[in-house]
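A.B. asks: build me a model:
(chains A and B, ligands or ions: 1)
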Amino acid sequence: MQEATLEKLKVLAESAKYDVSCSSSGTVRRNTEGTLGNTVGGLGICHSFADDGRCISLLKIMLTNVCMYDCAYCINRRSNDIRRATFSVTEVVELTMEFYRRNYIEGLFLSSGVVRNPDYTMERMVRIAKDLRTIHRFNGYIHLKSIPGAGQELVNEAGRYADRLSVNIEIPTEANLKLLAPEKDYRSVYQPMKFIGQGLLENKEDRRHYRHAPRFVPAGQSTQMIVGATPENDRDILRLSSALYTQPGMRRVYYSGFVPVNSYDSRLPALKQPPLVRENRLYQADWLLRFYQFRVDEIVDDTFPQLDLDIDPKLAWALRHPEKFPVDVNTAAYELLLRVPGIGVRSAQQIVAARRFGKLGFYQLKKIGIVMKKAQYFITCRELPVQTVNELSPTHVRQLLTPQSRKKTVDERQLSLVFEEE
Amino acid sequence: MIIFRYDKTFEGLLTAVFEAYQRKIFPDQLLADGESAPLFVGTDVHIDTNEEYAARVWRGAERRLSGTARAMVICCWLSELPEADILLFRFFRKTFDTPYMEINFGDPDILELSKIGKRVNGEKHRMLQFLRFQKTEDGTFFAPVEPLYNVLPLAVSHFRDRFADQPWLIYDIRRHYGYYYDLNVVSEISFTDAENHLITGLLDDRLMDKDERLFQKLWKTYFRATAIAERTNPRKQRGDMPVRYWKYLTEKQ
Ligand code: SF4
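C.D. replies: As a prediction, this is how the structure comes out:
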């Protein structure tokens, strides 16, 4: 390894950075005695935070940013005049190993431009994963971004070495995908997704018979959609997400606010700034789908096809449904507690545990970590209600809970990516 | 007011619990020997740490408390907060006397313990996140740490599992002790006449592996290249990666 690698690393990290899926979540891969690495499960570990505030967990690079395709939303498209570089297999392997040894990263997230044909490119990516696992006995996390159009054999082999595979759907409708990425269609995306799904199901079957059968992409698959490059509304996007979550092993759908990298292309909208607030609201809605037992049509429907940018989707739902409130925290079922703005999954569990010992009051709820500023309009407890959404009217509560518009430009940029505990 | 005095060790605290149940008197305050007492002390008892009593109390805890609650107890102790011991004392008493008490978060002590536990666990997690190794010329990987709470003992097993094929030394610069792994076992060590890097946390160039600087440079290059300029957000960066860790972060030097 020498200084020349520095230049390549710079180019190939910059080319990879617009792909947002970088978490290393969901696998537990134990260390085998005397080898390097493990994965810890749960949410994975963020080892650093870049200047844009995003978590750095994996070494996220491209094998090469040379690409024969010409996708309008991508800086690496063929028609762009940018610096191109290509890593050798050994370079990627060594960078991964040495960064990992210093506790910089959880593992590798590798993607690539398409060179020659999808299979040729995919094969070299698989080589890297294979070398890491078999020669270097690396047990850290590996995420490979499958090349659209790659064949089943290769996807299967990739799945044996990678913790996660992803195929990005990029654009929420096929017509618009074809418009912006003429070389791609939904088939080239759904095929590999299906292969991964099949591999997972077969592996499940195998493991029923032999408990020690090697695992196939233990962290499942994920995909990504670019938001704001094309005119689809949030309802289209979230419906697609919820359909994607029914694919076998689909763990995460990532939303990436469109960063206008090729402003010269008139097929793309002119944006001053990536739509970060919208992206954040989509993540919140996605969260509601996965952990709060919401259905898509409760969050967005034909009357409300767009998410409200001023307030989070759970609060928006509550304000549209004042008849469901107030909820009595001392008696309400867990599912109802989850619906209360200001109560997160953890606090709902804690409420259920704590109320067996006696009625909970305002002070205890606060201590449990409930955001009373929000929740107070939607609950009754020992000493509340003061005034709920029904006495005050949804419009009034909405006003009380909407951040002042004066500060908005600042606040918008500071929204955190997801809300775990509200 | 009742005061117990003990040697400020965890075994000592457990012994104090044992003695309290034996004598049926329960302290309002726990002090070290020689620490000055407040006015109006009614009873002032000295507790001799007794390993056997301590073990009996811990076995009792194993029967009555869930694994999570016991982990919280350890976390709370390692927090080194001044009020941690008396809080733990009350926690033992409440959970020993009332079954399932450990999940009664309506009780201020139970809630406080779970909060401290969360804070300590958070600090342990940040150690797993932000610890950085530097490779030395003899192949040992060295990492300085300075956690807010004494969480190194909680984190060691993670590093033992993850970095099983490389020798390493993790040293708590503030508390003057650390753990060394020699590819076989992990042992606790403490250097009496500390060398320079054990004080500053940074390896001297002559002690470094010949490629160490290059990999540090590669990592810094990557760190800068991966950020998206259009989305710069220093507040979030500082929120998630508090400035007090930057001292030993390769990418922030
Ligand atoms: S195939 Fe991938 S790398 Fe190539 S232009 Fe399209 S998005 Fe960019």
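
A.B. asks: for the ligand, what are the nearby residues on the stretch 1-150 of chain A?
C.D. replies: A:C67, A:Y69, A:C71, A:C74, A:N76, A:R77, A:G113, A:V114 (C-beta under 6 Å from any ligand atom). (Each C-beta comes from the backbone N, C-alpha and C, glycine too.)

A.B. asks: which residues of the stretch 51-200 of chain B fall in helices?
C.D. replies: Ranges of helices in the stretch 51-200 of chain B, per DSSP state H, counting those that start in this stretch, are B:51-64, B:67-78, B:84-97, B:108-130, B:152-162, B:196-200.

A.B. asks: pipe these into CSV and attach mean pLDDT and mean neighbour count per row.
C.D. replies: Formatted as CSV, those follow (pLDDT from 0 to 100; neighbours: other C-beta atoms under 10 Å in any protein chain shown):
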stretch, mean pLDDT, mean neighbour count
helix B:51-64, 95, 14
helix B:67-78, 94, 19
helix B:84-97, 95, 20
helix B:108-130, 93, 19
helix B:152-162, 95, 18
helix B:196-200, 72, 14
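
A.B. asks: now those helices as a markdown table including distance to B:R231?
C.D. replies: Output for the helices of the stretch 51-200 of chain B, formatted as a markdown table (distance: least, C-beta to C-beta, whole Å):
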| stretch | distance to B:R231 |
| --- | --- |
| helix B:51-64 | 48 |
| helix B:67-78 | 35 |
| helix B:84-97 | 41 |
| helix B:108-130 | 21 |
| helix B:152-162 | 31 |
| helix B:196-200 | 34 |
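
A.B. asks: mind putting these into TSV with distance to the ligand?
C.D. replies: Output for those, formatted as TSV (distance: least, C-beta to the nearest ligand atom, whole Å):
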stretch	distance to the ligand
helix B:51-64	55
helix B:67-78	45
helix B:84-97	54
helix B:108-130	30
helix B:152-162	33
helix B:196-200	44
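
A.B. asks: nearest to A:L282, out of those helices?
C.D. replies: Closest to A:L282 of those is helix B:108-130 (C-beta to C-beta; 26.5 Å).

A.B. asks: got the contact list for that closest one?
C.D. replies: A:45-48, A:364, A:367-368, B:71-73, B:75-76, B:78-79, B:81, B:84, B:87-88, B:90-91, B:94, B:101-105, B:145, B:147-149, B:151-152, B:154-155, B:158, B:241-242, B:245, B:248-249 (C-beta atoms under 8 Å, 6 or more residues apart in numbering or on different chains).

A.B. asks: report the contact partners of A:R339.
C.D. replies: Contacts of A:R339 by C-beta under 8 Å, 6+ apart are A:Y292, A:K314, A:W317, A:A318, A:K324, A:V327.

A.B. asks: show me which of the residues you listed are buried.
C.D. replies: A:Y292, A:K314, A:W317, A:A318, A:V327 (16 or more other C-beta atoms under 10 Å in any protein chain shown).

A.B. asks: among those residues, which lie within helices?
C.D. replies: The members of those that map onto helices under DSSP state H are A:K314, A:W317, A:A318.

A.B. asks: isn't the second one right next to A:I299, touching?
C.D. replies: Just to be clear, that refers to A:W317. Yes. When contacts are counted by C-beta atoms under 8 Å, A:W317 is listed as touching A:I299 (6.5 Å).

A.B. asks: domains of chain B?
C.D. replies: Listed by automatic domain parsing, the domain ranges of chain B are B:2-123, B:131-252.

A.B. asks: leaving out sequence neighbours, find the closest residue to residue 233.
C.D. replies: This is for chain A. A:P305 (4.5 Å; C-beta to C-beta, 6 or more residues apart in numbering or on different chains).

A.B. asks: look at chain B instead
C.D. replies: Among residues not flanking B:N233 along the chain, A:G53 sits closest, at 3.6 Å (C-beta to C-beta, 6+ apart).

A.B. asks: got the CA coordinates for stretch A:194-209 in CSV?
C.D. replies: Taking C-alpha atoms only, stretch A:194-209 is exported to CSV below (Å, rounded to 0.1, in the frame of the first residue of the first chain):
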residue,chain,number,x,y,z
LYS,A,194,-35.8,-11.9,-6.1
PHE,A,195,-32.6,-13.9,-6.2
ILE,A,196,-31.6,-12.6,-2.8
GLY,A,197,-35.1,-13.4,-1.5
GLN,A,198,-34.9,-16.9,-2.9
GLY,A,199,-31.5,-17.4,-1.5
LEU,A,200,-32.7,-16.4,1.9
LEU,A,201,-35.7,-18.7,1.8
GLU,A,202,-33.6,-21.7,0.6
ASN,A,203,-31.1,-21.0,3.3
LYS,A,204,-33.8,-20.9,5.9
GLU,A,205,-34.9,-24.3,4.7
ASP,A,206,-31.3,-25.7,4.7
ARG,A,207,-30.8,-24.4,8.2
ARG,A,208,-33.8,-26.2,9.4
HIS,A,209,-32.1,-29.5,8.3
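
A.B. asks: about what we covered before: out of the helices of the stretch 51-200 of chain B, which is closest to A:V259?
C.D. replies: A:V259 lies closest, by C-beta to C-beta, to one member of these: helix B:108-130, at 26.5 Å.

A.B. asks: flag the shaky bits of the stretch 301-422 of chain A, pLDDT-wise.
C.D. replies: The stretch 301-422 of chain A contains residues with pLDDT under 70 at A:384-386, A:404-422.

A.B. asks: neighbours around residue 81, how many?
C.D. replies: No chain in the question, so chain A it is. For A:D81, the tally of surrounding residues (other C-beta atoms under 10 Å in any protein chain shown) stands at 5.

A.B. asks: wait, I meant chain B there
C.D. replies: 14.

A.B. asks: contacting residues for it?
C.D. replies: Neighbouring residues of B:L81 by C-beta under 8 Å, 6+ apart: B:I116.

A.B. asks: nearest residue to the middle of chain A?
C.D. replies: Geometric centre of chain A, nearest residue: A:Y254, 3.4 Å, by C-alpha atoms, centre = their mean.

A.B. asks: my guess is B:N50 contacts B:L14, does it?
C.D. replies: No. Assessed by C-beta under 8 Å, B:N50 is found out of contact with B:L14, at 9.0 Å.

A.B. asks: in terms of neighbours, single out the busier of those two.
C.D. replies: B:L14 (26 against 15).

A.B. asks: and the more buried one, what element?
C.D. replies: Take DSSP states H and E as the rule and B:L14 turns out to sit in helix B:10-23.

A.B. asks: so where's the stretch 101-250 of chain B shaky on pLDDT?
C.D. replies: For the stretch 101-250 of chain B, the ranges with pLDDT under 70 are B:194.

A.B. asks: in it, which residue sits nearest the ligand?
C.D. replies: Going by C-beta to the nearest ligand atom, the ligand is nearest to B:I228 of the stretch 101-250 of chain B, at 15.9 Å.

A.B. asks: rewinding a little: so which of the ones in helices among the buried ones among the contacts of A:R339 is the closest to A:M125?
C.D. replies: A:M125 has its nearest neighbour among these in A:K314, at 39.1 Å by C-beta to C-beta.

A.B. asks: not counting sequence-adjacent ones, nearest residue to the closest one?
C.D. replies: Nearest to A:K314 is A:P341, by C-beta to C-beta, 6+ apart, at 5.4 Å.

A.B. asks: surely the one you found touches A:K374?
C.D. replies: Yes. Counting by C-beta under 8 Å, A:P341 touches A:K374, with 4.6 Å between them.

A.B. asks: please say which of the two ends up with more neighbours.
C.D. replies: The neighbour comparison of A:P341 against A:K374 (other C-beta under 10 Å) goes to A:P341, with 26 against 22.

A.B. asks: how close does that one get to the ligand?
C.D. replies: According to C-beta to the nearest ligand atom, to the nearest Å, A:P341 and the ligand sit 38 Å apart.
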